[in-house]
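Asker: here is my input, please return the structure:
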Amino acid sequence: MSIESVTPMGSVRLGDDGASVVIVDQSLLPNEIKYLVLRGREELYEAILELRVRGAPAIGIFAAYAVCVLAGQTKASAYDDFYNEFNRNKAYLDSSRPTAVNLRKALDRIDNIAAANAGKPIPEIIDAMKAEAVKIHQEDISMCRAISEYGLELVRDGDGILTHCNAGPLATSRYGTGLGTLFLAQERGITLHAWCGETRPLLQGARLTTFELQKAGIDCTLICDNMASLVMKEGKINACFTGCDRAAANGDIANKIGTSGIAILARHYGIPFYVFCPSSTIDFACKTGEDIKIEQRAPEEIKEKFFMRPIALPEVKCYNPAFDVTDNSLITAIITEKGICRSPYTENLAAMFK
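Answerer: Residues are numbered from 1 along each chain as shown. As a prediction, the model looks like this:
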């Protein structure tokens, strides 16, 4: 089996008609593989909010296509009217999720194209915007491949890798970031075993990561999040691989809730903790993790989602942050498409992308 067996049509793409965005509905996995064809403003927004499309790079790709699709629906004939409408759609999509920086970066790139082509016929502007969205998508494919190649330098045949959340092709474009090395290792005949944390409360590790790995024929074992310490202590883990939703300039990273706990455990057991992060996810305007806004989600995700009956009384309060910040001091290395970056991150990340 190969990576193509995971999502044969890709997790996100521009529709063949150029007027829609096609995604795998990740909220239904692993029990149902369903492709959605989205055109409307509200359904495009809802797809991001409800995690039908998720993963920082995939959200960026999706948002770029989405804002172009909405631009194609304009009835404006004057540029100013067109651009004002575009900005309303851009702000609306950008408000769907606050933590992952790829969303805003992708929308800003489409904005730059729209502004740079002022004065041209509106159909030409829209074509230029779509070309930029395709470029964002193709760049992500290249970045994921390069990140995966660098990741191979960090593993040996037979290694056990602990994963958290989902950073494979569903969350990106092809190989993925945090999982890309596992897919590439399989292609090269290198055997790695993935220990996949379930990732409460939305179970992305259980529903998505094991789905991707199993479909591709990669050996994997699902564990509850609170089993990570034990499998580390038992010597089953040689490295921890995670993706990233936003990296600050100093190397602090925001990733799915629970990531910082794994990093702390890894430090205790002397296990390297690696973050796989394309440049599209690095926010050099964000100095430290303290500056990253953490998304708060509905309490029902903890008490009710995936359960036949609620697991707590209705009046029980819930605290449901979607992400946490891992301090750079706990990170062994950040793997980007430019190479493997190590501490001090403030200097070395800046030098890598100057």
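
Asker: which parts of the stretch 251-354 of the chain are strands?
Answerer: Along the stretch 251-354 of the chain, the segments classed as strands by DSSP state E, counting those that start in this stretch run 253-256, 273-276, 282-283, 323-326, 333-336, 339-341.

Asker: which one of the ones you listed is the most hemmed in?
Answerer: strand 253-256 (a mean of 28; mean count of other C-beta atoms under 10 Å). Heads up, the C-betas are built off the backbone N, CA and C, glycines and all.

Asker: ramachandran coordinates for the residue nearest in space to the middle of the chain?
Answerer: By C-alpha atoms, centre = their mean, the mean C-alpha position of the chain lies nearest to Gly55, the distance being 2.3 Å. Here is the backbone geometry of Gly55 (degrees, to the nearest 10): phi 100, psi 120.

Asker: and for Gly40?
Answerer: Phi and psi for Gly40, reported as degrees, to the nearest 10, are phi -80, psi 150.

Asker: run a quick neighbour tally on it.
Answerer: 12 (other C-beta atoms under 10 Å).

Asker: still on that earlier bit, which one of the strands of the stretch 251-354 of the chain lies closest to Asn102?
Answerer: Asn102 sits nearest to strand 282-283 of all those, at 9.7 Å, using C-beta to C-beta.

Asker: so Pro272 makes contact with Ile331?
Answerer: No: taking contacts as C-beta atoms under 8 Å, Pro272 lies outside contact range of Ile331: 9.3 Å.

Asker: so those two - more neighbours on which side?
Answerer: Neighbours were counted for Pro272 and for Ile331 using other C-beta under 10 Å; Ile331 has more, 27 against 15.

Asker: check contacts around the more buried one.
Answerer: By C-beta atoms under 8 Å, 6 or more residues apart in numbering, Ile331 lies in contact with Gly251, Ile253, Ala263, Phe273, Tyr274, Val275, Ser343, Tyr345.

Asker: likewise for Ser173?
Answerer: Ser173 touches Gly10, Ser11, Val12, Pro57, Ala58, Ile61, His137, Asp140, Ile141, Cys144, counting by C-beta under 8 Å, 6+ apart.

Asker: if I look at it, how far off is Arg54?
Answerer: 14 Å (C-beta to C-beta, to the nearest Å).

Asker: can you check Leu29 too?
Answerer: 11 Å.

Asker: do Met352 as well
Answerer: Met352 is 27 Å from Arg54, by C-beta to C-beta.

Asker: so the two - more neighbours on which side?
Answerer: Each of Met352 and Arg54 has its neighbours counted (other C-beta under 10 Å); Arg54 has more, 26 against 17.

Asker: now that one: closest residue in space, sequence neighbours ignored.
Answerer: Using C-beta to C-beta, 6 or more residues apart in numbering and skipping residues adjacent in sequence, the residue nearest Arg54 is Gln26, 5.7 Å away.

Asker: give me the nearest residue to Ile136, chain neighbours excluded.
Answerer: Ala64 (4.9 Å).

Asker: who touches that neighbour in this structure?
Answerer: Ala106, Leu107, Arg109, Ile110, Glu132, Ala133, Ile136, His137.

Asker: is it true that the fifth one touches Ile113?
Answerer: Yes: contact status for Glu132 versus Ile113: in contact at 4.6 Å, counting by C-beta under 8 Å.

Asker: can you show me the helices along the stretch 251-354 of the chain?
Answerer: Residue ranges of the helices in the stretch 251-354 of the chain, as given by DSSP state H, counting those that start in this stretch, are 259-269, 300-303, 345-352.

Asker: ok, back up a step: and which of the contacts of Ser173 is nearest to Val155?
Answerer: Cys144 (16.6 Å).

Asker: and the closest one, how close does it get to Ile334?
Answerer: For Cys144, the distance to Ile334 - C-beta to C-beta - is 15 Å.

Asker: show me where pLDDT drops low in the stretch 201-350 of the chain?
Answerer: For the stretch 201-350 of the chain, no stretch is flagged by pLDDT under 70.

Asker: identify, from the contacts of Ala64, the entry nearest to Glu315.
Answerer: For these, the closest approach to Glu315 (C-beta to C-beta) belongs to Leu107, at 39.4 Å.

Asker: and the closest one, its phi and psi?
Answerer: In terms of degrees, to the nearest 10, the main-chain angles of Leu107 are phi -60, psi -40.

Asker: ok, the residue nearest to it when sequence neighbours are not counted - how many residues close by?
Answerer: In space, and not counting its chain neighbours, Leu107 is closest to Lys90: 5.0 Å by C-beta to C-beta, 6+ apart. Other residues near Lys90 come to 21 when the count uses other C-beta under 10 Å.

Asker: what about Lys90, which helix or strand?
Answerer: Lys90 is part of helix 79-94 when elements are defined by DSSP states H and E.

Asker: so what touches stretch 78-94?
Answerer: 41, 44-45, 48, 63, 66-67, 70-71, 74, 76, 103-104, 107, 110-111, 114-115, 118-119, 122, 125.

Asker: what is the rounded mean pLDDT of that stretch?
Answerer: What stretch 78-94 shows for mean pLDDT is 97.
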